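Peer 1: following is a predicted model, sequence given first.
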Amino acid sequence: MSAFRQRSVQLARQARTTGARNTRSYGSSHGHDHHHAHNVEESLGTGFYVTFGVIPASYIVYSISRPGKNGEESTLHKWFRQIGDYGTQWETRNHIVTAAIEQAAHDRHLLNNASQKKTIELRYPEVFQTGSPFNVPAGHYANIDKVVEHYRQQHLTEEERKAKKLAAAASQQQAPPEVYHQPPQDLPAVRIGLVNEVIGLGLFAARDFAKDEYVLQEAPVITVTFNRLRHLNAKHEMNQFAAVVSAHELDHSVRVAFPGVYSDLGRMPFTYDYVVANDLFSRLGRNLVPGHGQLAGADIEKDRYEAWIGQFARDAPFDIPKTARFREVAAEFIRQYAFIEGSEVAVYALGRGSNLPLANTTKDVSANVYLLASLINHCCTPPVDKTTGKSPTEDDNGRPIGPNCAFRVGRQGLARFVLPQHIVVQANRDIKEGEQLTWSYGKDRSQLGFSCLCDTCTTAASGRCHVL
Ligand SMILES: C[S@@+](CC[C@H](N)C(=O)[O-])C[C@H]1O[C@@H](n2cnc3c(N)ncnc32)[C@H](O)[C@@H]1O
């Protein structure tokens with residue numbers, strides 16, 4: 001194209017030169033043309049391109065508009081027809097899509113509503129009649145009696161093994177002791193005794209008890225509202241003071257059970273003769289639930305008793321001034337002697353700063369004082385043995401050590417026979433007649449508030465408590 005263009009320019013230049021020769025030359029331009037011939041750059045122009053473009057375009061249009069060799073439809077004609085057919089095509093597609101959606105909806109409806117078949121159609125029912133096609137001579141079935149017998153034996157052996165295992169497990173599983181479910185028996189349960197002049201009164205087994213056996217059930221003699229956090233405030237102190245004093249006024253046995261508290265409240269302890277003459281030791285058993293353990297009297301010598309109450313008699317003034325100090329005395333008495341329903345620790349174990357469990361600590365709850373159960377003294381649990389990981393229950397000579405009882409207040413666990421606010425005493429190991437009943441006050445020695453003189457602490461053979 002470039003060569004063609006250069007040639008055209010050359011021809012045009014020659015034509016101009018010839019033209020100049022035939023025309024007049026003006027003086028001013030004379031000789032200039034001759035010496036300075038310009039190179040003229042000219043494009044081919046639109047006309048040129050149009051002319052040359054039309055030819056192939058016409059050819060293309062011509063060829064696509066021609067029918068095929070065998071009279072087929074020309075390409076151009078096909079295009080026009082396709083464009084014309086678009087409407088029909090879309091209509092057909094829409095019909096197909098609509099039909100598919102309708103069918104899907106129908107199927108879905110059918111699947112959701114049709115009930116499931118309860119039987120399975122066999123592809124060919126003769127399947128039941130056929131035997132194994134392998135290793136079976138024509139007209140015969142294999143005799144599988146031996147196989148059946150083998151698996152029958154295997155099944156019987158397995159069943160026998162299971163039965164033996166179950167029986168072994170059942171014999172190993174110890175049935176809970178019968179006594180654990182039974183309320184205390186209507187038999188002598190406890191006897192009152194004087195442990196020594198420091199510890200004071202205590203309760204002693206009046207017969208043998210088996211581990212887990214219930215010893216007695218007792219109703220409270222004083223019930224007051226108690227709040228672990230607001231124990232010492234005017235409302236609670238007044239409530240406790242009134243309850244403690246009126247219990248004393250109603251029954252002299254209360255003064256026998258708590259001589260120290262009543263001397264603090266201005267009441268003289270009774271003499272031994274007065275107690276015996278009025279049968280006040282026996283009256284200490286008056287709140288036992290009938291049929292749930294009996295008090296077998298008291299075993300206390302006169303001179304020891306007089307020596308013991310002498311310490312309280314010395315302090316006792318003769319009147320009860322209702323001052324704040326006496327309210328405090330009553331409140332302290334409740335803290336020392338009361339038990340809370342549902343709790344397995346007594347109120348003293350819930351003293352200020354205690355982290356022992358009490359359902360809702362800011363709530364007012366009932367705290368109960370009992371006549372007999374309040375005489376049960378504390379015994380320390382021996383420290384855990386590092387080798388066994390348990391607290392020893394026997395000393396080196398095989399004698400039982402540690403507390404031998406536990407208590408529950410109200411219904412708890414299997415002790416469903418316990419009445420609301422009542423206390424039940426339970427043997428936590430076998431107890432011999434004459435043994436002192438003890439339980440743990442729930443704190444270690446440093447927090448007890450008195451110098452512990454329990455067997456665990458004082459018996460040389462056990463003596464382990466000293467390390468606490
Ligand atoms: C709930 S009373 C038990 C009955 C008490 N012995 C009495 O005569 O009133 C608790 C008080 O008994 C005394 N006590 C209980 N267990 C004791 C122990 N292991 N060692 C020394 N004193 C104990 C303490 O004076 C304690 O405050």
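Peer 2: Noted; the coordinates are in hand. Residues are numbered from 1 along each chain as shown.

Peer 1: in space, what's closest to residue 226 - neighbours in sequence excluded?
Peer 2: residue 367 (3.6 Å; C-beta to C-beta, 6 or more residues apart in numbering). C-beta here means a position set from N, CA and C on the backbone, and glycine is covered the same way.

Peer 1: go ahead and confirm the one you found touches residue 223.
Peer 2: Yes - using C-beta atoms under 8 Å, residue 367 is in contact with residue 223, at 7.2 Å.

Peer 1: list the contacts for residue 307?
Peer 2: residue 197 (C-beta atoms under 8 Å, 6 or more residues apart in numbering).

Peer 1: and if we set it to 10 Å?
Peer 2: With contacts defined as C-beta atoms under 10 Å, 6 or more residues apart in numbering, the neighbours of residue 307 are 194, 197, 301.

Peer 1: bridge partners for residue 217, pull those for me.
Peer 2: With DSSP bridges as the criterion, residue 217 is bridged to residue 424.

Peer 1: from the chain's centroid, how far away is stretch 247-254?
Peer 2: Relative to its chain's centre, stretch 247-254 lies at 48 Å (C-alpha atoms, centre = their mean, to the nearest Å).

Peer 1: just the CA coordinates of it, formatted as PDB?
Peer 2: Coordinates of each C-alpha in stretch 247-254 appear next as PDB, following Å, rounded to 0.1, in the frame of the first residue of the first chain:
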ATOM      1  CA  ALA A 247     -37.800 -21.400 128.200                       C
ATOM      2  CA  HIS A 248     -36.200 -21.100 131.500                       C
ATOM      3  CA  GLU A 249     -39.300 -19.900 133.200                       C
ATOM      4  CA  LEU A 250     -41.400 -22.600 131.700                       C
ATOM      5  CA  ASP A 251     -39.300 -25.600 132.700                       C
ATOM      6  CA  HIS A 252     -36.600 -26.000 135.200                       C
ATOM      7  CA  SER A 253     -35.000 -28.800 133.300                       C
ATOM      8  CA  VAL A 254     -33.700 -26.100 130.900                       C
END
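
Peer 1: what about residue 367 and residue 223, which has more around it?
Peer 2: The neighbour comparison of residue 367 against residue 223 (other C-beta atoms under 10 Å) goes to residue 367, with 30 against 16.

Peer 1: now that one. Its backbone dihedrals?
Peer 2: Phi and psi for residue 367, reported as degrees, to the nearest 10, are phi -120, psi 140.

Peer 1: any residues of the chain in contact with the ligand? List them.
Peer 2: For the chain, the residues in contact with the ligand (C-beta under 6 Å from any ligand atom) are 199-202, 336-337, 374-375, 377-378, 450, 452-454.

Peer 1: circling back to that earlier point, which of the contacts of residue 307 scores worst on pLDDT?
Peer 2: Across these, the bottom pLDDT score, 89, is held by residue 197.

Peer 1: what's the burial count for it?
Peer 2: Neighbours of residue 197 under the rule other C-beta under 10 Å: 13.

Peer 1: with adjacent residues omitted, what lies nearest to it?
Peer 2: Per C-beta to C-beta, 6+ apart, closest to residue 197 is residue 308, 4.9 Å.

Peer 1: now residue 338
Peer 2: Spatially, and ignoring its direct neighbours in sequence, residue 338 is nearest to residue 367 (3.7 Å; C-beta to C-beta, 6+ apart).

Peer 1: is that neighbour in a bridge, and if so with what?
Peer 2: Beta-bridge partners, per DSSP bridges, of residue 367: residue 224, residue 340.

Peer 1: that one touches residue 339, doesn't it?
Peer 2: Yes - because the distance of 6.8 Å satisfies C-beta atoms under 10 Å, residue 367 is recorded as touching residue 339.

Peer 1: give me the common contacts of these two.
Peer 2: Common neighbours of residue 367 and residue 339 (C-beta under 10 Å, 6+ apart) are 220, 226, 346-347, 409, 421.

Peer 1: sorry, back to before: any chance of CSV for the contacts of residue 307, columns distance to residue 295?
Peer 2: What follows is these, written out as CSV (distance: C-beta to C-beta, whole Å):
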residue, distance to residue 295
194, 16
197, 23
301, 19
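
Peer 1: counting only helices, which of those residues make the cut?
Peer 2: Judged by DSSP state H, helices contain none of the contacts of residue 307.

Peer 1: can you pull out the strands in the stretch 101-250 of the chain?
Peer 2: Here the stretch 101-250 of the chain has its strands, by DSSP state E, counting those that start in this stretch, at 188-196, 200-205, 214-218, 222-226.

Peer 1: rewinding a little: could you confirm the residue nearest to residue 197 falls within a helix?
Peer 2: Yes - per DSSP: H, G, I helix; E, B strand; the rest coil, residue 308 lies within a helix segment.

Peer 1: quick one: contacts for it?
Peer 2: 194-201, 259, 269, 272, 300.

Peer 1: how about the strands in the stretch 301-450 of the chain?
Peer 2: Under DSSP E, counting those that start in this stretch, the stretch 301-450 of the chain gives strands at 339-340, 365-369, 377-378, 405-409, 423-427, 438-439.

Peer 1: looking at those strands, which is nearest to residue 291?
Peer 2: strand 423-427 (13.1 Å; C-beta to C-beta).

Peer 1: ok, for whatever residue of the chain ends up closest to the ligand, nearest residue in space, not its chain neighbours?
Peer 2: At 2.7 Å from the ligand, residue 200 is the closest residue in the chain, using C-beta to the nearest ligand atom. Distances taken as C-beta to C-beta, 6+ apart place residue 308 nearest to residue 200, at 6.3 Å, with adjacent residues excluded.

Peer 1: residue 261 now?
Peer 2: residue 333 (4.5 Å).

Peer 1: burial of that neighbour, as a residue count?
Peer 2: Residue 333 has 23 nearby residues by other C-beta under 10 Å.

Peer 1: same question, residue 453
Peer 2: With other C-beta under 10 Å as criterion, residue 453 counts 14.

Peer 1: what's the answer for residue 110, then?
Peer 2: So residue 110, with other C-beta under 10 Å, has 9 neighbours.
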